[in-house]
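Novice: return atomic coordinates for the entry below.
(one chain, ligands or ions: 2)
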Amino acid sequence: MPMDEKLPVPVTITEIKTESPSVKSFFFDKEFTFTAGQFTMVWVPKIDEIPMALSSKNSITVQKAGDATEAMFNLAAGAQLGIRGPLGNGFTKGEKMLAIAGGVGAAPLLPLAKSDCVMTMLLGARTENELLFIDQLDESTDVLIATDDGSLGVHGFVTDLLEEVNLAAYDRIAVCGPEPMMRAVLGRLDAKDCLGKTEFSLHRYMKCGIGVCGSCCIDPDGLRVCRDGPVFNGELLKKTEFGHYMRDACGNRKNF
Ligand SMILES: Cc1cc2nc3c(=O)[nH]c(=O)nc-3n(C[C@H](O)[C@H](O)[C@H](O)COP(=O)(O)OP(=O)(O)OC[C@H]3O[C@@H](n4cnc5c(N)ncnc54)[C@H](O)[C@@H]3O)c2cc1C
Ligand code: FES
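Specialist: Ligands and ions are numbered 1, 2, ... in the order given. Down below sits the predicted model:
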């Protein structure tokens, strides 16, 4: 096992960018070679170690959720974090891709969108000021927007935007967002017979991040999100607990 999987590399925060009222990007002084969709275990000193996708070679984009992320929101440039990874697998790159993002799920998709292989990006959020990265996507990517409250784009969910695109035009479809949203997307894409070219990135509770502790296993086969994922093909996920329930820190089942 490579040492960077076991030991965090210390990094210093060089810049913190507020992306939305609940999301900030943290840039650090070291660069990592990675595939879009891979994640790191981020050690927040004195608090916890949590999984975070890389949103660029030297940044993570974090939504405030609980103890560790809240502590990160109180950090300033100059503070230190520990980074273990990159870990897991990333998205398979296509030539004409469709990316579908809900909320902070846009973070692992940003490097793909910036690499010019994404023709169309469907972006969903609760409200306009929670939409991420619109300013960073250039004209080579067609961006379609949906907000739950109708403040920008289509009034509805990102799934509604699927009716506006020709799915046959894309060779790969990459999805990341809240799991109930991803399950709904999986259902729509299954109905249109194109699950084979889809990949979904899961945000699940993790402890070790390297396939040892079992806390991220998914039923029925015990696939480990940290090691066998976090990016999985849609055909594979269809037969699992995906979108129905997950495990909390104690291993108890929690319904979505
Ligand atoms: C591979 C991977 C990549 C991720 N990438 C990002 C990212 O780029 N940006 C980002 O903001 N978040 C990402 N997450 C989710 C992030 O890890 C959690 O939000 C974080 O661990 C919460 O830690 P906390 O201590 O702040 O909250 P906690 O106190 O641990 O939890 C607060 C609340 O969030 C729930 N929760 C905790 N962890 C998760 C989880 N993994 N999925 C769903 N609910 C959870 C808890 O049940 C609780 O209700 C990713 C998760 C994984 C597995
Ligand atoms: S987090 Fe330990 S096996 Fe995945």
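Novice: count the neighbours of whatever residue of the chain ends up closest to ligand 1 for me.
Specialist: Residue of the chain nearest ligand 1, by C-beta to the nearest ligand atom: Gly66 (2.1 Å). Glycine gets a C-beta too; all of them are placed from N, C-alpha and C. Residues near Gly66, counting by other C-beta atoms under 10 Å, number 10.
Novice: likewise Leu109?
Specialist: The burial count for Leu109: 28, using other C-beta under 10 Å.
Novice: repeat that for Ala77.
Specialist: Neighbour tally, Ala77, other C-beta under 10 Å: 12.
Novice: enumerate every residue touching it.
Specialist: When contacts are counted by C-beta atoms under 8 Å, 6 or more residues apart in numbering, Ala77 touches Ile13, Thr14, Glu15, Ile16.
Novice: mind giving me the PyMOL select for those, buried ones only?
Specialist: A single PyMOL command selects the buried members of the contacts of Ala77 (16 or more other C-beta atoms under 10 Å):
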select buried, resi 13+16
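Novice: what's the closest of the contacts of Ala77 to ligand 2?
Specialist: Ile13 (24.9 Å).
Novice: hang on, that closest one packs against Leu75?
Specialist: Yes: applying C-beta atoms under 8 Å, one finds Ile13 in contact with Leu75, separated by 6.2 Å.
Novice: kindly list the longest helix within this protein.
Specialist: helix 179-191 (DSSP state H).
Novice: residues making contact with that one?
Specialist: Contacts to helix 179-191, defined as C-beta under 8 Å, 6+ apart, come from residues 100, 102, 105, 124, 157-159, 162, 167, 173, 175-177, 195, 198, 200, 202-203, 234, 237-238, 242-244, 246, 256.
Novice: which phi and psi does His244 have?
Specialist: phi -100, psi -50 (degrees, to the nearest 10).
Novice: pLDDT at it, what is it?
Specialist: Looking at His244, its pLDDT reads 93.
Novice: the one 3 residues further on now?
Specialist: According to the per-residue confidence, Arg247 scores 92 in pLDDT.
Novice: for it, give me its contacts.
Specialist: Arg204, Tyr205, Ser215, Cys216, Cys217, Arg253, Lys254.
Novice: what's the answer for Pro178, then?
Specialist: So Pro178 contacts Gly102, Gly103, Gly105 (C-beta under 8 Å, 6+ apart).
Novice: how about 7 Å then?
Specialist: The contact partners of Pro178, by C-beta atoms under 7 Å, 6 or more residues apart in numbering, come to Gly102, Gly103.
Novice: from Thr40, how far off is it?
Specialist: Distance, Pro178 to Thr40, by C-beta to C-beta, to the nearest Å: 21 Å.
Novice: likewise Ile50?
Specialist: Applying C-beta to C-beta, the value for Ile50 to Thr40 is 10 Å.
Novice: so which of the two has more stuff around it?
Specialist: Neighbour comparison, Ile50 and Thr40: the larger count goes to Thr40, with 27 against 22 (by other C-beta under 10 Å).
Novice: and that one, helix, strand or coil?
Specialist: With DSSP: H, G, I helix; E, B strand; the rest coil as the basis, Thr40 sits in strand.
Novice: pLDDT score for it?
Specialist: The model reports Thr40 with a pLDDT of 97.
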